[in-house]
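Trainee: got a sequence here, can you model it:
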Amino acid sequence: MPASDFQFCPRCATPLALIAALEDSGETLRLRCPACEWTHWNNPTPVLAAVVEYRGQILLARNAAWANPEMYALITGFMEADESPEDGIGREVREETGLIVSRTQLLGVWDFQKRNEVLICYHVVADGEVRLSPELADYRLYDPVDLRCWPAGTGHALAAWLRSKGIEPQYREWPPIVPTSPAPPAA
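Mentor: Alright, predicted model coming up:
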């Protein structure tokens, strides 16, 4: 939850205030409760992401909530309590695509400050029958050489995976621009 969404102390319901306090790194301004001294730390949320390799191609999906029909991205989801990141990405891939992960390899960890998240990104090999969850509207399969990365968030993980395969990543505008009127006929 963004810090701006926190207004009341979850312990005593007192309105929170920006209060400076001495911490290990020095004096720090945070939302704190003036009555019981509860602190909203606003720590980043761990999010799992997967470059899903499916029958030699990469599966990218479009979230049902996205307005832009040209936006496709990695499979992502929040890590659950009491699961390892590796177990979590297998669960997310299964929940969102119906596919079963047979191999998992960590690609890296990236910050996504725009959403106050830490992205833990994997390459997974999965198989089965694709059955999208209601969270996803569509999916596409791409040959690795045809993939275009986006310059934010999970796009960095996709670029790292492409480099690991000896493919120099190509970047596209993100989010993709959707024409508002049909393109003129080609001459």
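
Trainee: the helices in this protein, which residues?
Mentor: Ranges of helices within the chain are 85-97, 155-164, based on DSSP state H.

Trainee: hmm, residue 80 is touching residue 89, no?
Mentor: No: counting by Cβ atoms under 8 Å, residue 80 stays clear of residue 89, with 11.1 Å between them. C-beta here means a position set from N, CA and C on the backbone, and glycine is covered the same way.

Trainee: tell me which of those two has more neighbours.
Mentor: residue 89 (27 against 12; other Cβ atoms under 10 Å).

Trainee: any idea of the pLDDT on residue 4?
Mentor: Confidence at residue 4, expressed as pLDDT, is 58.

Trainee: pLDDT of stretch 102-119, averaged?
Mentor: Here the average pLDDT along stretch 102-119 is 95.

Trainee: let me fix that: stretch 35-43
Mentor: Stretch 35-43 carries an average pLDDT of 92.

Trainee: quick one, domains of this structure?
Mentor: As assigned by automatic domain parsing, the chain contains the domains 3-40, 45-164.

Trainee: the ones you listed: lowest mean pLDDT?
Mentor: domain 3-40 (a mean of 90).

Trainee: can I get the domains of the chain in CSV including distance to residue 171?
Mentor: Rendered in CSV, the data for the domains of the chain read as follows (distance: least, Cβ to Cβ, whole Å):
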stretch, distance to residue 171
domain 3-40, 31
domain 45-164, 5
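
Trainee: surely residue 114 meets residue 44?
Mentor: No: Residue 114 is beyond contact range of residue 44, at 11.2 Å (criterion: Cβ under 8 Å).

Trainee: who's more crowded, the two?
Mentor: Taking residue 114 and residue 44 together and counting by other Cβ under 10 Å, residue 44 has the greater number of neighbours (14 against 8).

Trainee: which residues does the closest residue to that one other than its chain neighbours bridge with?
Mentor: Take residue 44 and drop its neighbours on the chain: the residue closest to it by Cβ to Cβ, 6 or more residues apart in numbering is residue 118, 4.6 Å away. Beta-bridge partners recorded for residue 118 (DSSP bridges): residue 46, residue 111.
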